Structure formats: C-alpha cells, structure tokens
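In: with the sequence up front, the predicted model follows.
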Amino acid sequence: MDLSPVRLDALFQALGDPTRRALIHRLAAGPATVSDLARPFDMTLPSFLLHIRKLEASGLVLTSKDGRTRTVTLVPGAFTPVRTWLDDQRDLWEARLDRLETFVTDTPKGPRT
C-alpha cells in the first residue's frame, strides 16, 4: 500500500473539495455517467470535468468511454491509504494522551517549594 506523501497529498487534495466529496458520495451508490453526475451542479461541463480529472488522478475513480458516453466508477479500496494514515495518527495521539494522563495522575500533588 502506497503511503507516500505524494500519494496521500493527492488523495487529501481530491477529498478537500466539497464538489468532489459530493461526487464520491454519489458514486458510492454505483457508477454514473458524467452527464448524470454534472446535472445537480451549477457549473460548466469543462469546469465539472476538472473535478472528475482530479478524482481520477488521485486514483479514487476510473472513467470509461462507450461511444459518446463517459462513465465514472469509484475505485474499490482507493480510500485504504487514507484510512491507514488516519488510523496511524489516532494510535499515535491516543498513546500520547495515555502518557499525559499517566503523568498527570501519577505526579504528586501539593505545594511546590
């Protein structure tokens, strides 16, 4: 699994935009054509396609073309690097907070001289 900074940056940048997050949410229900995906958004098709390209470049979606119809599909497992990184961060901070709690509870209380 690729947890390189470049890979994680691409994933987080792709997920950092509300339009792209809405597209991911919609694609979780299944593949859709670009036209169907673009319909609810108030933007030009070329602007919308930039969002699709950003998602595709990050590896979150794949596109395929059949004639004039382009279909977008969510890539299974594409979120695994993000999930792994977040789990690692949670483990790190939980361990730090546990050590802080131990320090606070085990430090003798009373006046300092």
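Out: Received, thanks. Note that the structure is a prediction, hence the values are computed from the model and not measured. Numbers count the residues shown, from 1 in each chain.

In: residues contacting the residue nearest the centre of the chain?
Out: The residue lying closest to the centre of the chain (CA atoms, centre = their mean) is Leu15, at 4.3 Å. Residues in contact with Leu15, defined by CB atoms under 8 Å, 6 or more residues apart in numbering, are Arg21, Ile24, Leu60, Val82. C-betas here are computed from N, CA, C, even on glycine.

In: by neighbours, which of the residues you listed wins?
Out: Leu60 (22 neighbours; other CB atoms under 10 Å).

In: backbone dihedrals for it, please?
Out: Dihedral angles of Leu60 (phi, psi; degrees, to the nearest 10) stand at phi -80, psi -30.

In: over to Phe12?
Out: Here Phe12 shows phi and psi, under degrees, to the nearest 10, equal to phi -70, psi -40.

In: tell me if I'm right that it and Val82 touch.
Out: Yes - the criterion here is CB atoms under 8 Å, and Phe12 meets it with Val82 at 7.2 Å.
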